[in-house]
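Engineer: Fold the following, please.
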Amino acid sequence: MAYQSALQGRAPATDAVAELTTPADAIHHLDPDVIASLLRRADALIASGDVAAARLVLRRAADAGDAGAAMTLAGTYDPANLAKLGVHGMVPDVAMARSWYEKARKFGSAEAPQRLEMLASKRQ
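Structural biologist: Residues are numbered from 1 along each chain as shown. You can find the predicted model right below:
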């Protein structure tokens, strides 16, 4: 329809424009095997100390709505988790940790509310 409108010199219909835009929180669906592969790769990166690269990999799986990926990604920002991992050189970001724990809770993580409470208690 938008193509026909363009050929005729008219603006595309509003419905066609609405289809082209995606909300900021849109979930990009990935095959479960792809998500599993991303999680394995992220675990290996974290184990090797490359948290920055792991965040990139985890972000892709978390953006697909995977609660486990969102939890692990939140942990890469959580000061308590970074200390537990013995990671040096990465600055914790409580706001980012909270944001990803919130998303993990939304995606169905049973552990996320507990982590959110622990973050809140650390701030006080």
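Engineer: Nearest spatial neighbour of Phe107, chain-adjacent residues omitted?
Structural biologist: Distance criterion CB to CB, 6 or more residues apart in numbering; nearest residue to Phe107, sequence neighbours excluded, is Ala67 at 3.8 Å. Just so you know, the C-beta spots here come from the backbone N, C-alpha and C atoms, and that holds for glycine as well.
Engineer: roughly how far apart are that neighbour and Val87?
Structural biologist: 22 Å (CB to CB, to the nearest Å).
Engineer: Looking at these two now, which is surrounded by more residues?
Structural biologist: Ala67 (19 against 15; other CB atoms under 10 Å).
Engineer: Wait, the residue nearest to Phe107 touches Ala112, no?
Structural biologist: Yes. With contact defined as CB atoms under 8 Å, Ala67 reaches Ala112; the gap is 7.5 Å.
Engineer: circling back to that earlier point, list the backbone torsions phi and psi for the residue nearest to Phe107.
Structural biologist: Here is the backbone geometry of Ala67 (degrees, to the nearest 10): phi -60, psi -40.
Engineer: Skip the chain neighbours and tell me the closest residue to Thr72.
Structural biologist: That would be Leu58: by CB to CB, 6+ apart, it lies 5.5 Å from Thr72.
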